[in-house]
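> sequence first, then the predicted structure:
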Amino acid sequence: MDINIRNAGEINILDFSGNLDTNSSPAAESEVNGLLEEGSKHILFNFSDLNFISSSGLRILLATAKKLKKDDGKMVVYGLNDVVQEVFDISGFATILNLAATEEEALASF
Amino acid sequence: MSADLAGSTAFKSQAQGDAESPEWLEAFEVFFREVPLIMMGQIAAAFAMEDEAPRAGVWKVIGDEIIFMAHPKSPREAQLLTVAFYRTIVSYDRKIFERWPLRIKGCVWAAQVSHRNREIEIPEMLGGDADQAYVDFLGPDVDAGFRLAACGGRGQVIVSSNLVQLLSGMEEDEGVRFHYIGRKVLKGVYSGRPYPLFLMTMKDQMPETWEWEPEHDKGLEEIRKNSPMDSKEILELLERIRKYLNHMCHTGIEWLKF
């Protein structure tokens, strides 16, 4: 799994590629926590090139959403492929998190 | 927290499908994929009003059993994790049975890592990450949990006595109810003295599946006959049992401390 971080104004965009699973989650969590510690309050998770996400990946999203909510921040996840969308549907995360189809739509929601 | 697939041995021997992709294989793949996802969703729901959710995830997969582990930092976190797990088991029992002749049963147990139960690094095991070896947990309460997990019935969630004691002492019960269904000797646990068995239900979500296979539903008759015990009764009963077990064997019951 790779994560590329870029910015759109005050919004941090994390481009994920590969699989976000038990093996890759610690590295991903470290990246996200690094942004939060720097004071980031607006985060976009770009899953356009993410092939798969496991429950450990969902846990990172949940923890991030909680931290941002506490700091009056916001996160949006976009670009889910069919496999990742199914994971979100089964777990119920599709109704828990803010989702968008495209980056434009996600950016517009801030 | 153990989610155990029940009826899988018979299903594997009877299931249809071709040699390359037997039907039972798909059932197992779906079970291992979906239950952790649903559990994570239920954790998110249970902790919706909380500032944070505890770390929780799959600890082990043993045969047809998924064991989740979490490190609750407070009784409240332990309570909400138990609620999330209960809802996972009850909802998934129905879901999987609608698709295949399979059921799941659940067990929640707690082991305080202290002088009694210990964390142990096992460098030879795969599963650790680059910086840390695989970590396992050993101790009398861990052993008791594994034994206890075998005592529940299909669609049911059985809960360890130390956790029942903790949750029964909380002011806000979140709709959690416990049904005492008797005592049973768990091999090697408490010097062979019988261990108290409690099933969990919730006010707003009773299992709908218990009537389907009454021959497998241990404790069902007791639950039909008896309403859930109130917390005062539970605490008194458990204290009597604790005193008895601690008198009879060196490794009796210890209540959880936060």
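Yep, it's here. Computed from a prediction, not measured in an experiment: that's the story for all the values here. Numbers count the residues shown, from 1 in each chain, chains lettered A, B, ... in the order given.
> alpha carbons only for contacts and neighbour counts from here, please
Noted.
> any chance you could map the strands in the chain?
No chain in the question, so chain A it is. A:2-8, A:11-20, A:42-53, A:74-78, A:99-100 (DSSP state E).
> looking at chain B here, not the other one
Using DSSP E, strands in chain B cover B:2-6, B:56-62, B:65-70, B:103-108, B:118-122, B:134-138, B:157-159, B:176-184, B:195-202.
> what residue in chain A comes nearest to chain B?
Nearest to chain B in chain A, going by CA to the nearest CA, is A:Ser91, at a distance of 4.5 Å.
> one step back: closest to chain A out of the strands of chain B?
Using CA to the nearest CA as the measure, strand B:56-62 is the one of the strands of chain B that comes nearest chain A, at 6.6 Å.
> contacts for the closest one, please.
A:Ser55, A:Ser56, A:Arg59, B:Pro36, B:Met40, B:Ile66, B:Ile67, B:Phe68, B:Met69, B:Ala70, B:His71 (CA atoms under 8 Å, 6 or more residues apart in numbering or on different chains).
> reformat those residues as JSON lines; add distance to B:Glu208, pLDDT and neighbour count.
Listed next are those as JSON lines, based on distance: CA to CA, whole Å; pLDDT from 0 to 100; neighbours: other CA atoms under 10 Å in any protein chain shown:
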{"residue": "A:Ser55", "distance to B:Glu208": "26", "pLDDT": "97", "neighbour count": "27"}
{"residue": "A:Ser56", "distance to B:Glu208": "30", "pLDDT": "96", "neighbour count": "24"}
{"residue": "A:Arg59", "distance to B:Glu208": "29", "pLDDT": "97", "neighbour count": "23"}
{"residue": "B:Pro36", "distance to B:Glu208": "22", "pLDDT": "98", "neighbour count": "23"}
{"residue": "B:Met40", "distance to B:Glu208": "22", "pLDDT": "98", "neighbour count": "27"}
{"residue": "B:Ile66", "distance to B:Glu208": "22", "pLDDT": "97", "neighbour count": "21"}
{"residue": "B:Ile67", "distance to B:Glu208": "24", "pLDDT": "96", "neighbour count": "19"}
{"residue": "B:Phe68", "distance to B:Glu208": "24", "pLDDT": "97", "neighbour count": "18"}
{"residue": "B:Met69", "distance to B:Glu208": "26", "pLDDT": "95", "neighbour count": "18"}
{"residue": "B:Ala70", "distance to B:Glu208": "27", "pLDDT": "96", "neighbour count": "16"}
{"residue": "B:His71", "distance to B:Glu208": "30", "pLDDT": "94", "neighbour count": "15"}
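> let me know the closest of these to A:Ser25.
A:Ser56 (6.4 Å; CA to CA).
> so that closest one touches A:Thr22, yeah?
Yes: using CA atoms under 8 Å, A:Ser56 is in contact with A:Thr22, at 5.6 Å.
> report the beta-bridge partner residues of the residue nearest in space to the middle of chain B.
In chain B, the residue lying closest to the centroid (CA atoms, centre = their mean) is B:Cys107, at 1.8 Å. Counting by DSSP bridges, B:Cys107 forms beta bridges with B:Ser2, B:Ile158.
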